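Undergrad: need the 3D shape of this:
(one chain, ligands or ions: 1)
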Amino acid sequence: MSTVLDGLELVDHHCHGIVRTELDRPAFEGLLTEGDGPGPLHGSHFDTQMGMGVRAICAPLLDLPRFAGVDDYLARRAELGADEVARRMLSGTGITDYLVDTGFRPDQLTSPTALAAYTGAAGHEIVRLEAVAEQLIVTTTAQGFAAALRSELAERSTTAAGFKSVAAYRIGLDLDPQRPTDDEVASAAGRWLESLDPAAPPSLADPTLIRFLIWTAVDLGGPLQFHVGYGDSDVDMHRCDPLLLTPLLRATAGLNVPVMLLHNYPFHRSAGYLAQVFDHVFVDVGLTMHNTGSRSGPILAELLELAPFGSVLFSSDAFGLAEIYAINAVIFRRGLAAFLDDGIAQDYWSSADAERIALMIGTTNARRAYRLDQPDR
Ligand SMILES: [Zn+2]
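TA: Now for the predicted structure:
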C-alpha cells in the first residue's frame, strides 16, 4: 500500500498557521510540545517523539543527514530562512486544502491564504466561535448580543469552511443539549459584561453563551468542530471525554450538520464509537500523530477499530512549525499503509478496497463533510 499512500492527496481538516520569524532554540522547543516549553527538569524537548520526528523526517528536507544534531538543524534552518523552510516542509505533504483555525494567536501566525500559497494549495478558514463572541461582547449590549452574534456568524459563514468550539477548554464537554432562549442569552451576556476586567482580554466561560454559539453554528449548517481530549495545560482532560458530548450529539443528529471531534486521544476509541452510532460525527487523531511518533500507527489503527471508514479524517493539527506538517503527513501515510496492509494480509479486504479507503480518509470524506466542492467554498 505504501506506493499508493505516497501519492495520496490530503485534505488537512484541522490545522493552524506557522510562525514566519526566526526561532531560537528555546522558542523552537516551545513549539514541540503542548506544554509551556522547556523547563529546568525534563531536559530538551528534542528528546520527545516529536523532536525525534524533526531529526528523522525534516533534517533531510534541509539537505542534512537523517538524525542530524539539533544545533546543526537549527543553524541550517536559520540559514535558509523561515519561508524557504516552510516551502520545503509543505511541498512534499500532498496537502491540497488547509482548513485553518484562525482563532488562536492569529497575529503571530500565517493566514489560511498565506499558508496555502507556499504550495499553491487552497486555504480555508475555520471560525472559532468563542473568539468571535469575545470580540463582539465589548461592542454590544446584553440585549443586543444574540442578534449581533447571529449576524456576525452568518456573515463569516459565507466564506468560512466551518466553525470550531473550544468549550472543552472553557467549561468541559458535559454540555446541556438544550438550545437557550434569547432571554437566557441576554441575562448571561449581561453577567459577562458586568464581570469583564478592562485590564484583561475577554474570555468566554459561560455555559449558556457557549451553548448559544454552538446552536447558532448548527443553525447555519456547520460543519462544527469540537476540541476533544488531549491539548495544552489549560485543558482539564477529565472534562474532555467525547462521551460527555453524547446528549448534544443526540440532539443534533438528523439535522445534516457534520460534527467533527478533533484530536480525541486518549479517548479515541470512544470517539470511534460515537462516529459509529451517529452518522453526522467525524473523527481524527491528528494532534496525536506527531506527539506519539513511533507509536502513532497503532493509535490510528485503534481509531479505525469502530469508526466507519467514511467518518475518519486527516488532520495535521500543525501549529507554529512547518515541520509538523511534514512529520504528520509522513507518519499518517505510514500508519494508514500499515493498517490497510494488515487487513490485506488477513484477507479481510482486497487491495482495491484498501485503495478506496485510503482515498476516503485522505480526501473524499473531508470534501463531502465540508462541502469543499460546492462553488461558494
Ligand atoms: Zn489544533
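
Undergrad: report the buried residues of stretch 58-67.
TA: C58, A59, L61, L62, L64 (16 or more other CB atoms under 10 Å). For every residue, glycine as well, the C-beta is placed using N, CA and C.

Undergrad: what residues are up against the closest residue to D72 other than its chain neighbours?
TA: Nearest residue to D72, sequence neighbours excluded (CB to CB, 6 or more residues apart in numbering): L64, at 6.2 Å. By CB atoms under 8 Å, 6 or more residues apart in numbering, the contact set of L64 is D72, Y73, R76.

Undergrad: same thing with A148?
TA: L136, T139, T140.

Undergrad: list just the nearest of these to L249.
TA: L136 (27.1 Å; CB to CB).

Undergrad: helix/strand/coil for the closest one?
TA: Three-state assignment for L136 (DSSP: H, G, I helix; E, B strand; the rest coil): helix.

Undergrad: ok, it - contacts?
TA: Contacts of L136 (CB under 8 Å, 6+ apart): F145, A148, L149, E152.

Undergrad: so where's the stretch 1-150 of the chain uncertain?
TA: Scanning the stretch 1-150 of the chain for pLDDT under 70 picks out nothing.

Undergrad: quick one, helices of it?
TA: In the stretch 1-150 of the chain, the segments counted as helices under DSSP state H, counting those that start in this stretch are 2-6, 25-30, 49-53, 70-80, 82-91, 112-117, 129-136, 145-157.

Undergrad: could I get those helices as TSV with distance to L220?
TA: Listed next are the helices of the stretch 1-150 of the chain as TSV, based on distance: least, CB to CB, whole Å:
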stretch	distance to L220
helix 2-6	35
helix 25-30	36
helix 49-53	35
helix 70-80	41
helix 82-91	31
helix 112-117	19
helix 129-136	11
helix 145-157	5
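
Undergrad: closest to P308 out of the ones you listed?
TA: Of all these, helix 2-6 sits nearest to P308, with 19.9 Å by CB to CB.

Undergrad: name the helices or strands packed onto the closest one?
TA: helix 322-345, helix 351-359 (3 or more CB pairs under 8 Å, 6 or more residues apart in numbering; DSSP states H and E).

Undergrad: go through those and pick out the most buried.
TA: Counting by mean count of other CB atoms under 10 Å, helix 322-345 has the highest mean neighbour count of those, with a mean of 22.

Undergrad: how far is it from where the chain is centred?
TA: Remark: helix 322-345 is offset 17 Å from the chain centroid, using CA atoms, centre = their mean, to the nearest Å.

Undergrad: need the CA coordinates for it. CSV is fine.
TA: Presented in CSV, the C-alpha positions along helix 322-345 are these (Å, rounded to 0.1, in the frame of the first residue of the first chain):
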residue,chain,number,x,y,z
ALA,A,322,6.1,23.9,9.3
GLU,A,323,8.0,20.8,10.4
ILE,A,324,4.8,19.4,12.0
TYR,A,325,3.1,19.3,8.6
ALA,A,326,6.0,17.3,7.2
ILE,A,327,6.1,14.9,10.1
ASN,A,328,2.4,14.4,10.2
ALA,A,329,2.0,13.7,6.5
VAL,A,330,4.7,11.1,6.6
ILE,A,331,3.6,9.2,9.7
PHE,A,332,0.0,9.4,8.8
ARG,A,333,0.7,7.7,5.4
ARG,A,334,2.9,5.2,7.2
GLY,A,335,0.3,4.4,9.8
LEU,A,336,-2.6,4.1,7.3
ALA,A,337,-0.5,1.9,5.0
ALA,A,338,0.4,-0.4,7.8
PHE,A,339,-3.3,-0.7,8.9
LEU,A,340,-4.5,-1.3,5.3
ASP,A,341,-1.7,-3.8,4.6
ASP,A,342,-2.6,-5.7,7.7
GLY,A,343,-6.2,-6.1,6.5
ILE,A,344,-5.0,-7.3,3.1
ALA,A,345,-2.6,-9.8,4.8
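
Undergrad: kindly calculate the angle that that helix makes with helix 351-359.
TA: Following axes from the mean of the first three to the mean of the last three CA atoms, to 10 degrees, one obtains 160 degrees for the angle between helix 322-345 and helix 351-359.

Undergrad: quick one, helix 322-345 and helix 82-91 angle?
TA: Put simply, helix 322-345 runs at 10 degrees to helix 82-91, going by the same axes, to 10 degrees.

Undergrad: check which helices and strands helix 322-345 sits against.
TA: Secondary elements touching helix 322-345 (3+ CB pairs under 8 Å, 6+ apart): helix 2-6, strand 10-15, helix 49-53, helix 82-91, helix 286-292, helix 296-306, helix 351-359.
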